[in-house]
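Visitor: Just a sequence and a predicted model for now, questions to come.
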Amino acid sequence: MEDDEQQQTRQELLQYFERVEGMLDSSEFDDDESKELFLTNVFEEVKGKEKRLTCDLQCSRVLEKIIAQAPFTAISAFTDALRDDFDDLLGNRYASHVLQAIVAAVHRSLRVTVADDDEDKEEKVEALTQLHQTFQLLVKSLIANLYESMTGTYSSHVFRSAILCLAGMPLPSNMRARSSRGYREFFQQDKDKVLVVPCAQLPQAFLDTLTLAANAIKEDSNQLADWLYHHTASPCLQTVLQALQQTQAAKSCDALCLAILGSFSEGNPLTTAIATAVASHTIEVCLQVGSVAVVQQIFDAGFRGQCLEQATHGIANFVFQKLLKRANTSIVETVCDELLDNVEDVLAEGTGSVLVALIAAAGRCQTRQGLVIKALAAAFHFDWETNGADVARCLLSVSTLERWQELLAEPEGVPVHLRYTSLGSQMVQSVASMDASCNKGLVNAFGKLSQAEFKEMACHKHGSFALQALLSSPSVGGKRKSKLVSHLVPSIPEIATDKFGSHIVDAAWAAAGIKTKEALAAALVAKESTVKDTPQGKFVWRNCKLDVFKRNKDDWLPQIKAAEKQKRLLADATSQSAKRPAKDEIDQLFAGTELEKPSAKKKKGAKTEKKKKDKTAKTSKRDKQASNPDLDFLSEALETTKETNHGPDAPLKTKKKKKKSKKD
């Protein structure tokens, strides 16, 4: 009899929720206020049945819809009614989704500000405070049952959502099952869900709770090694590390990274985790968020002496790439010593992305660049000086010189998809970022390509990135860039109308001199109808001021020259700002001492002597400082600062004054 009554009650609830869902889908509300009132009444109607509804398949889905649109006062009351059942709900396949919807509501509430003139200000503030407090109880329930929370199929999703919310990070939808995700996509109304809440806007209690969760994981050292290899616990560890970095909790983040690394032993070495699909992702995150000491420890324990083996491993090579992005000069030099003699083996194993990362790291750290260039030539069997355009073709196609010549000998020629590969494009981009003495051979090789090859490359999805990197590289000189741009001039109208080529036109325009820009503008204006017929061409036409060029070239030239001059002044100001003396150096210059830290005794003596000095002594000191040659450098630095802060006009006036003084 009781079962029949419960079944009847469930059917009534289902029918009620179906009507509610129908009204939400049809949006039959006069305004937002009437909608909020309706949803508040729904929560009032189900009061006392909250747990039962969250654990039901159909009702839980409708509840997710309601929570996504309901006012925070109603959500707060509903969440508070579940506070005693959090432990049971976290492991339920339906209730866990409702809890995730509540976490999303808390995340939205972090971006809500209640106006001072709001009539219901006190009620809304109280509701938000209560919602945040109840949410913290949910997180503490997760922490109290840490093993179940991180290893549970359903609770782990709630755990990750809650940690991201504590840090104000966006909640990705891929933390849900595919069927549930598909159901929710069509009614998702949180348009700004990808926004990050700044750390300063987060409640201090949230940051404290996040630290509490990190400490709980760190203290459970016996489980850390197992969690690394667990398919749900490992993503939870990654989320906590990323949240600590987002909230600028560097010490806690480093402590957790070191605790993870400390969980390895002889029977469970770091090399095993690096080569395992699940655990390797956590090691990658440690490399991204950890300090230099963490990066060094991972290299020493997992890569030193094993660089070739790890670089050619199907999983470990991805960790290797992350490592090289954070590597210091010492690590890069060690990797070069171990790996450069085996570059061809790395390419043969299909893990050339490690080589791309190594080239970029050598350029960034300004070390072993020449050896890297020589190793590339040896691996591809070409000579940077004598093989000319074939150097560029081999790199872009990731083919040895012999293989490229074999492809050319075939009757159908080399297909476009083999001419320009993603890996080859990345390799060219990395070499382009090196010093001018190292990328000179690459630039010369590209300069010997035909105009037809330039056009084809500029309009290719991979080739365009390689060409754009050369045109944008600060280490490639202006004359060499102009030579590359000259290859583009005959076909520039067709390139400008291509979705990839239009970016090349922008890069070429920025790299070209005045005369080359005139040639580009003339070629584009000659094909005005072709250029303006495409969206990409319209942007190119506007950026190059071609309407002005077409109307009157004499008006166009001053505008282009002014833009060039402003760009040079901005670059000069930026470089001068980078060379400005540090604050400690300025203080020492004013003190009349050398650029070194004064001892404590000197400071104490200076203070005592300063008290005894009278106005006459101060005046003589100022005169003495004025004659100090070090202060001339300081005045120049301060003058540079003024010029930088007051824009391009101030430097122009200063230059005029200098010219007058020379005439005098």
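Guide: Done, it's in. This one's a predicted model, so the numbers in the text were calculated from it and none came from an experiment.
Visitor: what sits against D56?
Guide: With contacts defined as CB atoms under 8 Å, 6 or more residues apart in numbering, the neighbours of D56 are R10, L13, Y94. Where you see a C-beta, it was placed from the backbone N, CA and C, and this is true even at glycine.
Visitor: Kindly report the same for K448.
Guide: Neighbours of K448 in contact, by CB under 8 Å, 6+ apart: G388, A389, A392.
Visitor: dump the residue contacts of R393.
Guide: S399, W404, R419, L449.
Visitor: Next: R93.
Guide: The contact partners of R93, by CB under 8 Å, 6+ apart, come to T153, Y154.
Visitor: Spatially central residue in this protein, please.
Guide: Q288 (10.8 Å; CA atoms, centre = their mean).
Visitor: State the distance from it to L241.
Guide: Taking CB to CB, to the nearest Å as the measure, Q288 falls 8 Å from L241.
Visitor: what do you get for L202?
Guide: Separation of L202 from L241 (CB to CB) stands at 18 Å.
Visitor: Looking only at neighbour counts, state which of the two leads.
Guide: L241 (24 against 18; other CB atoms under 10 Å).
Visitor: Listing request: residues of the chain with sub-threshold pLDDT.
Guide: Residue ranges of the chain with pLDDT under 70: 1-8, 173-194, 571-572, 574-664.
Visitor: at 80 what do you get?
Guide: When residues are selected by pLDDT under 80, those of the chain lie in 1-10, 27-28, 30, 114-120, 172-195, 221, 564-664.
Visitor: doesn't S475 make contact with A436?
Guide: Yes. The pair A436 and S475 qualifies as a contact (CB atoms under 8 Å) at a distance of 4.6 Å.
Visitor: List the contacts of L470.
Guide: V428, A432, L442, V443, F446, V476, K481, L484.
Visitor: one more time with 7 Å
Guide: Shown in contact with L470 (CB atoms under 7 Å, 6 or more residues apart in numbering): A432, V443, F446, V476, L484.
Visitor: same question, K550
Guide: Contacts here follow CB under 7 Å, 6+ apart; on that basis K550 touches V525.
Visitor: Tell me which helix or strand it sits in.
Guide: Using DSSP states H and E, the element containing K550 is helix 546-551.
Visitor: so how far is that helix from its chain's centroid?
Guide: Taking CA atoms, centre = their mean, to the nearest Å, the mean C-alpha location of helix 546-551 is offset from the chain mean by 39 Å.
Visitor: Give the buried residues for it.
Guide: Residues L546, V548, F549 are the ones in helix 546-551 that count as buried (16 or more other CB atoms under 10 Å).
Visitor: closest to K251 among those?
Guide: Ranked by distance to K251 (CB to CB), those are led by L546 at 55.7 Å.
Visitor: Would you confirm that the closest one contacts A523?
Guide: No. With contacts counted by CB atoms under 7 Å, L546 stays clear of A523, the gap being 10.5 Å.
Visitor: Can you give me the distance of the residue nearest to G302 when sequence neighbours are not counted to Q297?
Guide: Closest residue to G302 apart from its sequence neighbours, by CB to CB, 6 or more residues apart in numbering: L270 at 4.4 Å. L270 is 9 Å from Q297, where distance means CB to CB.
Visitor: next one: S430
Guide: 26 Å.
Visitor: ok, those two, which is more surrounded?
Guide: S430 (22 against 18).
Visitor: Wait, that one touches L358, no?
Guide: No. In this structure, S430 is not within contact of L358 by CB under 7 Å, at 8.4 Å.
Visitor: so W404 is in which element?
Guide: helix 401-409.
Visitor: just E266 next, same as before
Guide: Going by DSSP H and E, E266 is not in any helix or strand.
Visitor: Return the residues in contact with the nearest residue to S486 once chain neighbours are set aside.
Guide: In this structure, S486 finds its nearest non-sequential neighbour in T516, 6.7 Å apart by CB to CB, 6+ apart. By CB under 7 Å, 6+ apart, the residues touching T516 are S482, V485, S486.
Visitor: What is the burial count for the nearest residue in space to E45 that is not next to it in sequence?
Guide: Once flanking residues are discounted, E45 sits nearest to Y16: 7.3 Å by CB to CB, 6+ apart. The burial count assigned to Y16 is 15, neighbours taken as other CB under 10 Å.
Visitor: Quick one: residues in contact with the one helix or strand Y16 maps to.
Guide: Element membership for Y16, per DSSP H and E: helix 2-26. For helix 2-26, contacts defined as CB under 7 Å, 6+ apart pick out V42, L53, Q58, C59, V62, K65, Q69.
Visitor: Please render those residues as JSON lines that adds neighbour count to the earlier fields.
Guide: Formatted as JSON lines, the entries for the contacts of helix 2-26 read as follows, by neighbours: other CB atoms under 10 Å:
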{"residue": "V42", "neighbour count": "20"}
{"residue": "L53", "neighbour count": "20"}
{"residue": "Q58", "neighbour count": "15"}
{"residue": "C59", "neighbour count": "24"}
{"residue": "V62", "neighbour count": "21"}
{"residue": "K65", "neighbour count": "21"}
{"residue": "Q69", "neighbour count": "17"}
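Visitor: Next one: the nearest residue to F72 once chain neighbours are set aside from F320, what distance?
Guide: Closest residue in space to F72, ignoring its immediate chain neighbours: A127 at 5.2 Å, by CB to CB, 6+ apart. Distance, A127 to F320, using CB to CB: 50 Å.
Visitor: Contacts only, for V112.
Guide: L128.
Visitor: and C55, what does it touch?
Guide: C55 sits next to N92, Y94, A95 when contact means CB under 7 Å, 6+ apart.
Visitor: Can you tell me how far it is from D85?
Guide: In terms of CB to CB, C55 sits 9 Å off from D85.
Visitor: ok, now E338?
Guide: Relative to D85, and taking CB to CB, E338 is found at 57 Å.
Visitor: isn't G168 right up against V196?
Guide: Yes. Using CB under 7 Å, G168 is in contact with V196, at 6.0 Å.
Visitor: Please say which of these two ends up with more neighbours.
Guide: Neighbour comparison, G168 and V196: the larger count goes to G168, with 23 against 11 (by other CB under 10 Å).
Visitor: Let me see the backbone angles for that one.
Guide: Here is the backbone geometry of G168 (degrees, to the nearest 10): phi 70, psi 20.
Visitor: Just give the nearest non-adjacent residue to it, would you?
Guide: Per CB to CB, 6+ apart, closest to G168 is V197, 3.1 Å.
Visitor: for that neighbour, what are its contacts?
Guide: L110, R111, G168.
Visitor: is it true that the first one touches G168?
Guide: Same thing as L110. Yes. At 6.1 Å, L110 and G168 qualify as touching, with contact defined as CB under 7 Å.
Visitor: between these two, what contacts are shared?
Guide: In contact with both L110 and G168: V197, L202, using CB under 7 Å, 6+ apart.
Visitor: From V158, how far off is F86?
Guide: Taking CB to CB as the measure, F86 falls 9 Å from V158.
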